[in-house]
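Engineer: please find the sequence and the predicted model below.
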Amino acid sequence: MTGTWALLRLVLRRDRLLMPVWILGLTLAPIGYLSSIKAAYPDAVSRQHFYDLNASSATFVVRNGPLYGSSVGNLLAWQCGFVPVVVGLIALLTVVRHTRTEEEAGRRELTGATVVGRHAGLAAAVIAACGACLVHGLLVGFGLAAQGVPAAGAFALGLGFSLAGWVFAGVGAVAAQLTWGAGGARGLGIGALVLAFLLRAAGDSSASAGWLAWLSPIGWAHRLRPFAGEQWWVLALAVVATGLLVVSAVALSARRDLGAALLPARLGRSGAKPSLRSPLALAWRLQRGTLLVWTGCLGLVGLLMGGGAKNVAEMMRDNKAVGEVFSRLGGGGAVTDAYLAGTMTLFGLAAAGYAVQATLKLRAEEAAGRAEPVLATAVGRLGWALAHLTFALAGSAFVLAVTGFATGLTSGVPLVPAALAQLPAVWVPAGLAAALIGFFPRFAAAAWGLLAAFLLLSLVGSALRWNDVVLGLSPFSHMARLPGGTFSLAPVLWLLAIALVSGAGGLAALRRRDMPVG
């Protein structure tokens, strides 16, 4: 473990922008939810009505988990039901980034040549991820307690988020030992996260299969029962599971060589297929897995969100304050339209996540040294970059179209046009990511920080009624609220111009700068 603290400082230095952004964003979200709940359900009668509508709704139970009561705290904990999934995802990606990605890029070998122990890098990554999750959980606890909710429930909710992140930091550490590349490790970790969500959903939606939720770290966060008679002993399950996963990761790390993996690599073809003769074909080969995962996951969420449209419509008819909350997020006069328009905004933000990831594949290929052999052939930089940007732009359109279709399938409202209306806003973060790759390649990951800021403005800022000038910094605040809203061409043209100028500027800079930039 020699050198662990020095490597920990290095991890924190590299994540000095990204880590505070996600901690702050995910801390403000529950506080924003609390303010909205207090405004929408000011008395016990309205909260009880909400409970009666949603406690037995299979769609909402699958999405958010069980609703244990009708108090403000109960409604808040239920509203935050998906936060443990997000925290778990961030934690496992953080660990993979600072372990397998470093190893794949060759930087682990350089640090390992100094006075650094074999397991110091793994320990530093896990400590950083778990520490960030703990800080987030404590901030949530203090922030909610300061808003007047019971302190025990507030800290139980925050620590539930933290411990979910701890477990998946351990999952990321194990996955990093099993596969040859960071992409494979991320795939294994996200697969485990999806499995945990499905186990939790299956256990919560079926009385006879409730035991399944106990097999899921996401289910443990709900079984902690914030504001509903806290079961503090559940935290021990997460601590023990995290310890076992980290010990397993250390043991697996000791059994392999640097740069190797425990799962055998599948040998490729002796000769490339004819279909790989173009940069676009190569980009498809590299991007297809990401595209299919995003499409499948958002399509499933779309089915769930569409199925809840009827329940939300009934809530909004009986509670004008709830209708106002959804109307600020999107939509026209009809209650169902307001809900569905807000849902389309959420899907637009999610599709922007795919677009940013697809664009940053350029930087990943460059940093890993795989771009140089390609560019040493007759392939030019522009052709190589445009091939990947094609999937960032067209792929995000495909993701939105499938998600809109899935949501419309269960809601009974055609939503593909409403989903595609988000594209100009989706392409702005992709264009900004391309600009960062061209001008400031070392800070390309800051594109995720920009997207997190847009998410914060669109969700938390809207709920808390921040100043319109501040909210206008998010491209999603300028999009037509469809269905039910009025389409305007001017914002679309402005957003397309911003995406085009930033993307073109990034490509121009990419042509003129040195490659690779470490």
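Structural biologist: Great, that's in hand.
Engineer: only C-alpha atoms for contact and neighbour calcs from this point on.
Structural biologist: Will do.
Engineer: what helix or strand is the residue positioned nearest the centre of the chain on?
Structural biologist: Nearest to the mean C-alpha position of the chain, counting by C-alpha atoms, centre = their mean, stands residue 86 at 5.5 Å. Here residue 86 sits within helix 83-98, counting by DSSP states H and E.
Engineer: which is the next helix or strand following that helix?
Structural biologist: The C-terminal neighbour of helix 83-98 among helices and strands, as given by DSSP H and E, is helix 100-105.
Engineer: summarise which helices and strands the helix holding residue 86 is packed against.
Structural biologist: Contact partners of helix 83-98 among helices and strands, from 3 or more C-alpha pairs under 8 Å, 6 or more residues apart in numbering; DSSP states H and E: helix 120-146, helix 151-178, helix 182-205, helix 217-223.
Engineer: ok, which of these comes nearest residue 493?
Structural biologist: When the helices and strands packed on helix 83-98 are compared by C-alpha to C-alpha, helix 182-205 sits nearest residue 493, at 35.6 Å.
Engineer: helices and strands around that closest one, which ones?
Structural biologist: For helix 182-205, the helices and strands in contact under the criterion 3+ C-alpha pairs under 8 Å, 6+ apart are helix 58-64, helix 83-98, helix 100-105, helix 151-178, helix 217-223.
Engineer: which parts of that helix are buried?
Structural biologist: 182-190, 192-194, 196-205 (16 or more other C-alpha atoms under 10 Å).
Engineer: for stretch 207-215, same thing?
Structural biologist: 210-214.
Engineer: TSV for the residues you listed, including secondary structure?
Structural biologist: Conversion of the buried residues of stretch 207-215 to TSV gives the following (DSSP: H, G, I helix; E, B strand; the rest coil):
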residue	secondary structure
210	helix
211	helix
212	helix
213	helix
214	helix
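Engineer: pLDDT score for the residue nearest to residue 414 when sequence neighbours are not counted?
Structural biologist: On the basis of C-alpha to C-alpha, 6 or more residues apart in numbering, the spatially nearest residue to residue 414 that is not a chain neighbour turns out to be residue 408, at 5.0 Å. Confidence per residue is given as pLDDT, and for residue 408 that number is 87.
Engineer: for residue 408, give me its contacts.
Structural biologist: 303, 306, 414-416 (C-alpha atoms under 8 Å, 6 or more residues apart in numbering).
Engineer: what sits up against stretch 417-426?
Structural biologist: Outside stretch 417-426, the residues within contact range by C-alpha under 8 Å, 6+ apart are 341, 344-345, 347-349, 351-352, 355, 396-397, 400-401, 403-404, 475-476, 479-480, 482-483, 492, 495-496, 499.
Engineer: for stretch 7-20, output the C-alpha coordinates as CSV.
Structural biologist: Taking C-alpha atoms only, stretch 7-20 is exported to CSV below (Å, rounded to 0.1, in the frame of the first residue of the first chain):
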residue,chain,number,x,y,z
LEU,A,7,-2.0,8.6,-5.4
LEU,A,8,-5.1,9.6,-3.6
ARG,A,9,-4.1,13.2,-3.9
LEU,A,10,-3.4,12.6,-7.6
VAL,A,11,-6.9,11.2,-8.0
LEU,A,12,-8.5,14.1,-6.2
ARG,A,13,-6.5,16.6,-8.2
ARG,A,14,-7.6,15.0,-11.5
ASP,A,15,-11.3,15.0,-10.4
ARG,A,16,-11.1,18.4,-8.8
LEU,A,17,-13.8,19.7,-11.2
LEU,A,18,-16.0,16.7,-11.9
MET,A,19,-16.3,15.4,-8.4
PRO,A,20,-17.6,18.6,-6.7
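Engineer: relative to the whole chain's centre, how far out is it?
Structural biologist: A distance of 19 Å separates the C-alpha centroid of stretch 7-20 from that of its chain, computed with C-alpha atoms, centre = their mean, to the nearest Å.
Engineer: next, the buried residues of the helix holding residue 86.
Structural biologist: Taking 16+ other C-alpha under 10 Å as the criterion, helix 83-98 shows 83-85, 87-98 as buried.
Engineer: which two among these are spaced furthest apart?
Structural biologist: Spanning the widest gap among the buried residues of helix 83-98 are 83 and 98, at 22.9 Å by C-alpha to C-alpha.
Engineer: what's the closest of the helices and strands packed on helix 182-205 to residue 280?
Structural biologist: Nearest to residue 280, of those and by C-alpha to C-alpha, is helix 100-105 at 23.8 Å.
Engineer: who touches the next helix or strand after that closest one?
Structural biologist: Next along the chain after helix 100-105, taking DSSP H and E as the criterion, comes helix 107-112. Residues lying outside helix 107-112 but in contact with it, judged by C-alpha under 8 Å, 6+ apart, are 99, 102-103, 118, 121, 258.
Engineer: where are the low-confidence patches of the stretch 51-200 of the chain?
Structural biologist: Scanning the stretch 51-200 of the chain for pLDDT under 70 picks out 56-59.
Engineer: and what of the stretch 201-350 of the chain?
Structural biologist: Flagging of the stretch 201-350 of the chain using pLDDT under 70 yields the residue ranges 259-262, 264-267, 275, 308-335.
Engineer: please redo it, this time with the cut-off set to 80
Structural biologist: By pLDDT under 80, the low-scoring segments of the stretch 201-350 of the chain are 204-210, 256-277, 304-339, 342.
Engineer: helices of that one, start to end?
Structural biologist: Counting by DSSP state H, counting those that start in this stretch, residue ranges of the helices within the stretch 201-350 of the chain are 217-223, 234-254, 279-307, 309-318, 320-329, 335-367.
Engineer: state the mean pLDDT of stretch 354-374.
Structural biologist: Model confidence over stretch 354-374 averages 87 on the pLDDT scale.
Engineer: list the buried residues for that stretch?
Structural biologist: 354-364, 366-369, 371.
Engineer: contacts for that stretch, please.
Structural biologist: Judged by C-alpha under 8 Å, 6+ apart, the contacts made with stretch 354-374 from elsewhere in the structure are 104-105, 287, 290-291, 294, 385, 388-389, 391-393, 395-396, 426-427, 429-430, 433-434, 437, 441, 444-445, 447-448, 515-518.
Engineer: just stretch 62-82 next, same as before
Structural biologist: Contacts with stretch 62-82, where a contact means C-alpha under 8 Å, 6+ apart, come from 30, 33-34, 37-38, 44, 47-48, 50-51, 54-55, 61, 149-150, 153, 157, 200-202, 204-205, 222, 225-228, 304.
Engineer: now the end-to-end length of it.
Structural biologist: From the first residue to the last, stretch 62-82 extends over 10 Å; the measure is C-alpha to C-alpha, to the nearest Å.
Engineer: quick revisit: would you point out the most distant pair within the contacts of helix 107-112?
Structural biologist: Of all pairs drawn from the contacts of helix 107-112, the greatest distance, 13.8 Å, lies between 102 and 118 (C-alpha to C-alpha).
Engineer: re the thing from before, any chance of the helices of the stretch 201-350 of the chain in TSV, with distance to residue 170 too?
Structural biologist: Below are the helices of the stretch 201-350 of the chain laid out as TSV (distance: least, C-alpha to C-alpha, whole Å):
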stretch	distance to residue 170
helix 217-223	12
helix 234-254	5
helix 279-307	22
helix 309-318	37
helix 320-329	36
helix 335-367	23
